[in-house]
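Asks: Quick one: sequence and predicted model below, then my questions.
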Amino acid sequence: MDETGHKRLFVVGLGNPGRKYIGTRHNVGFVVLDVLIRRWGLGEGKNGFEGLTWQVVPAKPAVPETDGGAEAAAVTILKPMTWMNCSGRSVSSMLKFYKTVPERMLVVLDDSALPTGKLRCRKNGSSGGHNGLDDIIRACGTEEIPRLRIGIGQPPGQMDLSDYVLGRFGKSETEIIDVAAEHAADAVEDWIFGDIERVMEKYNQNS
């Protein structure tokens with residue numbers, strides 16, 4: 001519980017800081033957080049934990065999937081500004097400050113192994129080769145970290161993966177990602193007011 005008596009949860013979106021990286025495939029985690037920030041009317045973030053943070057007790061969505069009497073939660077949103085490959089430094093600093101465990105955190109990130117726009121949620125497991133998640137796992141010392149992946153597709157031909165993830169979506173891909181980001185934001189809300197199993201059942205079925 002926090003000082004207001006609410007349980008506290010954490011939502012972390014992964015990406016790279018700076019205007020140069022806005023709209024790149026590797027910043028899809030930031031995009032999903034932007035949807036939530038806009039949806040919840042949060043405005044500008046504050047500096048903290050080598051990142052940008054927002055604090056909110058979101059209202060429960062009036063949809064059947066989240067009806068179940070779940071208690072309101074105080075949610076800390078974090079965009080690490082440490083660069084993708086050092087995301088663990090920011091995340092572990094936040095968790096230590098709140099004296100909490102990684103299981104109370106949902107990490108939102110891109111995944112080149114999934115088709116563009118597909119969602120996949122897992123409650124634990126390896127990084128799957130994602131450098132940002134890999135650094136978080138290393139810093140936290142556990143793979144018991146819930147994560148929500150958004151597919152960005154695979155690089156064409158012989159294109160290097162690092163060049164691909166730092167590139168921008170084409171027009172048709174952007175339309176798909178815009179829809180996927182809204183669905184991913186819905187999934188985050190379902191996680192906050194439900195549980196990871198519900199999110200996996202609902203959002204993994206078509207992935």
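Replies: Sure, I can see it.
Asks: what are the C-alpha coordinates of stretch 51-63, in PDB please?
Replies: In PDB, the C-alpha atoms belonging to stretch 51-63 read as follows (Å, rounded to 0.1, in the frame of the first residue of the first chain):
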ATOM      1  CA  GLY A  51      13.600   8.800 -16.400                       C
ATOM      2  CA  LEU A  52      10.300  10.500 -16.600                       C
ATOM      3  CA  THR A  53       7.600   9.500 -14.200                       C
ATOM      4  CA  TRP A  54       3.800  10.000 -13.700                       C
ATOM      5  CA  GLN A  55       1.600   9.100 -10.700                       C
ATOM      6  CA  VAL A  56      -2.000   8.300 -11.100                       C
ATOM      7  CA  VAL A  57      -4.900   6.300  -9.500                       C
ATOM      8  CA  PRO A  58      -6.800   5.500 -12.800                       C
ATOM      9  CA  ALA A  59     -10.500   5.200 -12.900                       C
ATOM     10  CA  LYS A  60     -11.800   1.700 -13.700                       C
ATOM     11  CA  PRO A  61     -12.900   1.300 -17.300                       C
ATOM     12  CA  ALA A  62     -16.600   0.700 -17.600                       C
ATOM     13  CA  VAL A  63     -16.300  -2.400 -19.700                       C
END
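Asks: who touches that stretch?
Replies: Contact partners of stretch 51-63, identified using C-beta atoms under 8 Å, 6 or more residues apart in numbering, comprise 4, 6, 37, 40, 42, 45-47, 66, 70, 72-82, 90, 94, 186, 189, 192-193. (C-beta placed from N, C-alpha, C; glycine too.)
Asks: Select only the buried ones of those in PyMOL?
Replies: A single PyMOL command selects the buried members of the contacts of stretch 51-63 (16 or more other C-beta atoms under 10 Å):
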select buried, resi 37+40+45+66+73+74+75+76+77+78+79+80+81+82+90+94+186+189+192+193
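Asks: what's the single longest helix in the protein?
Replies: Criterion DSSP state H: the longest helix present in the chain is helix 171-193.
Asks: for it, which positions count as buried?
Replies: Going by neighbour count (16+ other C-beta under 10 Å), the buried part of helix 171-193 is 173, 176-177, 180-181, 183-193.
Asks: That one: what's the following helix or strand?
Replies: Later in the chain than helix 171-193, the nearest helix or strand by DSSP states H and E is helix 196-203.
Asks: now Val75, what's its secondary structure?
Replies: Taking DSSP: H, G, I helix; E, B strand; the rest coil as the rule, one finds Val75 in the strand state.
Asks: same thing with the one 4 residues further on?
Replies: In three-state terms, and counting by three-state DSSP, Lys79 is strand.
Asks: give me every residue that touches it.
Replies: Val12, Gly13, Gly15, Phe30, Leu33, Gly45, Gly51, Leu52, Thr53.
Asks: can you check Pro17 too?
Replies: Met81, Trp83.
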